[in-house]
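Undergrad: Sequence and predicted structure, then a few things I'm wondering about:
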Amino acid sequence: MLDWWLPENVSTFGRDIDWLFHLIYAITGITFILVAATMIWFLIAYRDRPGRRARYTHGNTSLEIVWTIVPSLILVVLTALSAPAWSKIKMTRPPSDFVVDVTAKQFNWQVKHPNSEKVFLDEMHVPVNKVIHVTLKSQDVIHSFFVPQFRIKQDAVPGRSIVAWFEVTKPGKYEWPCAELCGFGHSGMRGWIYVHSAEDYQKWAAENLRAEAKPAEQVAALAETAKPAETETGGKAKK
Amino acid sequence: MTAHVATAHTAHEHHEMSFVRTYVFSTDHKMIARQFLFMGLLMMVLGGLLALIVRWQLAWPETAVPGLGMILKETGGILEPSTYNMAFTMHATIMIFFVIMPILAGAFGNFCIPLMIGARDMAFPTLNMLSFWVTATAGVIMLSGFFVEGGHAAAGWTSYAPLSAVAQYTGVNWGQNIWCIALFVMGIGSMMGSINYITTIINMRAPGMHLFRMPLVVWSLFITAILLLLALPVLTSAVAMLLFDRTLGTSWFAPSGGGEPLLWQHLFWYFGHPEVYILILPAMGIASEILPVFARKPIFGYHAMAFSMIAIAFLSWIVYGHHMFVSGMSPSLGMAFTVTTMIIAVPSAIKTFNWLGTLWGGRLQFKVPMLFALGFVSMFVIGGLSGIFMASTPVDIYIQDTYFIVAHIHYVVFGGSIFGAFAGIYFWFPKMFGRMLNPLLGHLHFWGTLIFFNWTFFPMHIIGVGGQMRRIYNPMQYEFLQHQQHWNVFMTYGALLLGATQILFVINFFSSLFAGAKAPMNPWNSNTLEWTAASPPPHLNWGPRVPTVYRGPYEYSDPDAREDFLPQAQAPAVAGARRH
């Protein structure tokens, strides 16, 4: 309940987003309670009763000024608090030598890891606690790179190459859906991102990013190395 | 003023007109209003059924939808992903363009504007008639798309290119073309209407009806008409470009030919955000009209109300980029749109506080129009507050394209626009049709709608925060969504009950239309000019003289007046004595 229905966050900038999320929960929650309570109070206190006449007033300029300025101030503060996180997530990115190339198509993510030309379908492997750059492209329609637990979303637009970034703080296997309607197969367009410890990633890369590795071996190797993914290996690797 | 004399003169030589001229190709603004109302309500049945089909699939994925087996024979009533995409695309398209716009702008615009400013009809009655028939033609064209090979448009009501621009991406060929053509025609019809509204309000107000004596619903329709006039041509151009891309190979939006997918989004949302205010402003106006009548009290802050609507109209042009924060648009531009979006929240807040101020110290009568107006205010508060999450760009990264957005839009356009429309129908039905609606059925309809609306749409915030994407066919395909599937089932029960509740409205509407109690001239003891005409008003609205206006529209409970209302057209005591 304390998370207010948000899934667990495992990325660095996700904390900034969640903090703002909870701040806005508080602001809007308190506003809603105040407005609703006032309204209910008025509805009960000023219900029609015989022998009473309504108050004849056309308004109050001081009140108008107050309820223009107070919301404005709250919104100015909220804008000021939103700006740094936005700047950190989208306007700048920390440097990294780990660049994953993702080309979306109907209805798969095609992934190329650093120093490898091999294309993986709906499957990405990255080390934990490392800034990852993702070069996003699309070969047909608009798709959207969404990993709920990383709090990241970025559209992949055909004709463009857009760089997004994230840094994960916890190893695991994370679901990676497409968030933008991309056709009849949109629902179910989904990959998995495997986040390994640095050593495990090295091991996985050594075994799987060699050009001659066969798909069946990759899947077997994956099941051994990717610890959090004990039960299933959802993705399929392809040449 | 000469126009009034001229029309007053023609009122005397009023003669019986043929059935076709009275009921079909009528130039009478009141008949055109009724035509728009019936068209909107009819389309609402279709739009609502499409919504229920979507909800059924989300709650019980890939099971046969009851009754749909007759139409989808091959699958026995089970939705396929492409049919599902078509269902939600057409639900939104129909509800926005062929339900809310015809009812709020078309029906109330036509009915209220001349009657409430003291005009005998619109400035251009023939253009007005054309406006309805062009819009109705657009509706028929839109419906024809259900019968073509490949099905109707399935790229979302936003029809993002290139998904919508290349037939092979959706498998829909003629459906999407028809979608473009229908919206193009609809845009022309709406332009005819808006020119008429603006001209009428500027030129044809009764003597004494200054701009700042106009009822707020007229202000809201005036501003809506200006937005329509400026926004709709952008949509008409965009859908024409999309149609050319699809049929002539122009490549405005498809990068394979040098086009730019984001150009579509810029054009669409440049129209699309003012459009949201086109959908909500008339409802705000209706609420501002009804609250004073049933609080027996002047509206709180009349000028603040009018100026906040003007502010919304200006700002609505420079906030549209908040739909595109993660689209690949420059993030610096995103920051600028955050600032404007935060600013536009302020006039909405001002309006809410003034509605509360109107209730303060009133003598509140909970009749059905009042209940719907209060429902409008409460639901609009929730829809407005949930918008703040989206205005904060970092938070929007996460909730963009989730059910949180779906919840927000429904609190604004159902909780806002549709509640406003119901409030207006219950309020003006006596004037429109000369009969009263049944209050008991009205109360049941209100409480059912309020409860089941929240039951259906509030949990969408929760599953949206949980990450459920909009426009997905089957949430159970995703592991991270499976734990909240019970909410989808819960919401679908709410939606079915919400739909069933509307049957009460249909029964009330038609039984009252033919057998309701005869409406008096002024059933709510209201001040505005339409209540000085007969119920329903005759052709050209008033007898030999149009009313003269002596005061603002909200003079309720003036301590110097004997009654608790003081109609705009009632001459002041001294002037009245001189006349007699």
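TA: Alright, I've got the coordinates.
Undergrad: so where do the helices sit in the stretch 1-150 of chain B?
TA: B:2-12, B:19, B:29-59, B:81-93, B:109-117, B:125-144 (DSSP state H, counting those that start in this stretch).
Undergrad: per-stretch mean pLDDT over those, give me the minimum one.
TA: Among the helices of the stretch 1-150 of chain B, helix B:2-12 carries the lowest mean pLDDT, a mean of 45.
Undergrad: okay, the helices of the stretch 1-150 of chain B, which one's buried deepest?
TA: Of all these, helix B:109-117 has the most neighbours on average by mean count of other CB atoms under 10 Å in any protein chain shown, namely a mean of 28. Every residue, glycine included, has its C-beta placed from N, CA and C.
Undergrad: Surely A:Arg160 touches B:Met329?
TA: No - the pair A:Arg160 / B:Met329 is not scored as a contact, 10.7 Å apart, by CB atoms under 8 Å.
Undergrad: Stretch B:192-210 and chain A in contact?
TA: No - using CB under 8 Å from any CB of the partner chain, stretch B:192-210 stays clear of chain A, with a minimum separation of 15.7 Å.
Undergrad: Of all the residues in that stretch, which ones are buried?
TA: B:192-198, B:200-201, B:204-206, B:209 (16 or more other CB atoms under 10 Å in any protein chain shown).
Undergrad: could the helices of the stretch 1-150 of chain B be laid out in TSV, adding distance to chain A?
TA: Putting the helices of the stretch 1-150 of chain B into TSV (distance: least, CB to the nearest CB, whole Å) gives the following:
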stretch	distance to chain A
helix B:2-12	29
helix B:19	45
helix B:29-59	10
helix B:81-93	4
helix B:109-117	20
helix B:125-144	20
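Undergrad: Could you name the stretch from those helices that's closest to B:Asn354?
TA: For B:Asn354, the closest of the helices of the stretch 1-150 of chain B is helix B:109-117, at 19.9 Å, according to CB to CB.
Undergrad: top helix in chain B by residue count?
TA: helix B:261-295 (DSSP state H).
Undergrad: Give me the buried stretch members for that helix, please.
TA: Applying 16+ other CB under 10 Å to helix B:261-295 flags B:261-262, B:264-295 as buried.
Undergrad: Now residue 194: which helix or strand?
TA: Going with chain A. strand A:190-196 (DSSP states H and E).
Undergrad: Chain B was what I was after
TA: Going by DSSP H and E, B:Ser194 is in helix B:174-203.
Undergrad: quick check: angle from the helix or strand just after that helix to helix B:174-203?
TA: Remark: after helix B:174-203, the chain's next helix or strand is helix B:216-247, criterion DSSP H and E. Going by axes from the mean of the first three to the mean of the last three CA atoms, to 10 degrees, helix B:216-247 is angled at 150 degrees with respect to helix B:174-203.
Undergrad: from the chain's centre, how far out does helix B:216-247 sit?
TA: 14 Å (CA atoms, centre = their mean, to the nearest Å).
Undergrad: tell me the mean pLDDT over the longest helix along chain A?
TA: If you go by DSSP H, chain A has its longest helix at helix A:14-45. Taken as a whole, helix A:14-45 has an average pLDDT of 96.
Undergrad: and it, what does it pack onto?
TA: The contact analysis (3 or more CB pairs under 8 Å, 6 or more residues apart in numbering or on different chains; DSSP states H and E) places helix A:14-45 against helix A:61-86, helix B:331-359, helix B:368-391, helix B:393-399.
Undergrad: Would you map the helices across chain A?
TA: Using DSSP H, helices in chain A cover A:14-45, A:61-86, A:198-208, A:215-225.
Undergrad: For those, could you give me a markdown table that also reports mean neighbour count and distance to A:Val131?
TA: Formatted as a markdown table, these follow (neighbours: other CB atoms under 10 Å in any protein chain shown; distance: least, CB to CB, whole Å):
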| stretch | mean neighbour count | distance to A:Val131 |
| --- | --- | --- |
| helix A:14-45 | 16 | 14 |
| helix A:61-86 | 16 | 16 |
| helix A:198-208 | 16 | 13 |
| helix A:215-225 | 15 | 22 |
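Undergrad: Please name whichever of those helices is nearest to B:Arg471.
TA: Closest of those to B:Arg471 is helix A:14-45, at 22.6 Å (criterion: CB to CB).
Undergrad: on that earlier part again, I'd like to know which of the buried residues of stretch B:192-210 is nearest to chain A.
TA: Relative to chain A, the closest of the buried residues of stretch B:192-210 is B:Met209; by CB to the nearest CB it sits at 18.3 Å.
Undergrad: ok, and the closest non-adjacent residue to that closest one?
TA: Leaving aside its chain neighbours, B:Met209 sits nearest to B:Val549 (4.4 Å; criterion: CB to CB, 6 or more residues apart in numbering or on different chains).
Undergrad: mind checking how far the one you found is from chain A?
TA: For B:Val549, the distance to chain A equals 17 Å [CB to the nearest CB, to the nearest Å].
Undergrad: what residues go with each domain of chain A?
TA: Chain A breaks down by automatic domain parsing into domains covering A:14-91, A:99-237.
Undergrad: The strand holding A:Tyr194 versus helix A:198-208: what angle between them?
TA: Going by the same axes, to 10 degrees, strand A:190-196 makes 120 degrees with helix A:198-208.
Undergrad: which residues touch B:Asn525?
TA: B:Val293, B:Glu563, B:Asp564, B:Phe565 (CB atoms under 8 Å, 6 or more residues apart in numbering or on different chains).
Undergrad: Once you drop chain neighbours, what's closest to A:Gly185?
TA: Nearest residue to A:Gly185 in three dimensions, chain neighbours excluded: A:Phe107, at 3.5 Å (CB to CB, 6+ apart).
Undergrad: what does the model give that neighbour for pLDDT?
TA: With respect to pLDDT, A:Phe107 scores 95.
Undergrad: again, but for the one 3 residues further on
TA: Listed pLDDT for A:Gln110 reads 97.
Undergrad: separation between it and B:Glu149?
TA: Going from A:Gln110 to B:Glu149 by CB to CB, to the nearest Å gives 32 Å.
Undergrad: So for these two, which sits in the more crowded spot?
TA: Each of A:Gln110 and B:Glu149 has its neighbours counted (other CB atoms under 10 Å in any protein chain shown); A:Gln110 has more, 18 against 8.
Undergrad: Verify the stated contact: the more buried one with A:Val119.
TA: Yes - counting by CB under 8 Å, A:Val119 is a contact partner of A:Gln110 at 5.2 Å.
Undergrad: follow-up on the earlier one: adding distance to A:Ser82, write the helices of the stretch 1-150 of chain B out as JSON lines.
TA: Listed next are those as JSON lines, based on distance: least, CB to CB, whole Å:
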{"stretch": "helix B:2-12", "distance to A:Ser82": "53"}
{"stretch": "helix B:19", "distance to A:Ser82": "61"}
{"stretch": "helix B:29-59", "distance to A:Ser82": "32"}
{"stretch": "helix B:81-93", "distance to A:Ser82": "29"}
{"stretch": "helix B:109-117", "distance to A:Ser82": "38"}
{"stretch": "helix B:125-144", "distance to A:Ser82": "39"}
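Undergrad: who wins for proximity to B:Phe419 among the ones you listed?
TA: Nearest to B:Phe419 among these is helix B:29-59; the distance by CB to CB comes to 13.4 Å.
Undergrad: Quick one: find the helix or strand in chain A with the lowest mean pLDDT.
TA: Every helix and strand in chain A was compared by mean pLDDT, DSSP states H and E; the lowest is strand A:236-237, with a mean of 40.
Undergrad: Against which helices or strands is the strand holding A:Tyr194 packed?
TA: Using 3+ CB pairs under 8 Å, 6+ apart: strand A:190-196 touches strand A:108-112, strand A:123-127, strand A:172-177.
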